[in-house]
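[1] Dropping the sequence and predicted coords here.
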Amino acid sequence: MAEKKKTTYGTRPRNEYIKVFVTEDERAELVDRAAQAGMSQSAFLRAVGLSEPIRSVVDLQAVVDLGKVNGDLGRVAGILKLWLAEKRGQGARPTDVEAIMSEFRRLQHMLLPIMSRIVKDNK
């Protein structure tokens, strides 16, 4: 008996396959869900079949986006602080600028738990 040709995908050889019959709509749904998870169709079906968690690329992209917003808030607060130090008393009252900086810090602290929760839920 001839030995099956072994192929390597990812980190381990896989030389077995399962044939699954689906409707056209089911196939489209599986392809879409695999894409949403950022996985190949094979990896997605294997993960689902083995009850492994599926990480959503969309959720992880949201964390990246929130991280950028967090950084932007920090940069704006830094610019305001610099402006306050150089232009003391010109334009806006220092207490108003300090209040805005405090609001930026509060917003940053609100973002961090949201980002952590998204990452934790996708592990």
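    Arrived safely, thanks for sending. Numbering: from 1, shown residues only.
[2] So what's the residue count around E24?
    7 (other C-beta atoms under 10 Å). Yep, even glycine has a C-beta here, placed from its N, CA and C like the rest.
[3] mind checking how far it is from L30?
    Taking C-beta to C-beta, to the nearest Å as the criterion, E24 is separated from L30 by 11 Å.
[4] Please spell out which residues along whichever strand or helix holds L73 are buried.
    Under the criterion of DSSP states H and E, L73 resides in helix 57-86. Judged by neighbour count (16 or more other C-beta atoms under 10 Å), helix 57-86 contains these buried residues: 62-63, 70, 73, 77, 80, 84.
[5] F44: how many residues sit nearby?
    Using other C-beta under 10 Å, F44 has 20 neighbouring residues.
[6] Tell me the secondary structure at it.
    Remark: F44 carries the secondary structure label helix [criterion: DSSP: H, G, I helix; E, B strand; the rest coil].
[7] dump the residue contacts of the closest residue to it other than its chain neighbours.
    With C-beta to C-beta, 6 or more residues apart in numbering as the measure, A34 is the residue that lies nearest to F44, at 3.6 Å, once sequence neighbours are left out. The contact partners of A34, taken as C-beta atoms under 8 Å, 6 or more residues apart in numbering, are 40-41, 43-45.
[8] Before I go, just wanted to say thanks for your time.
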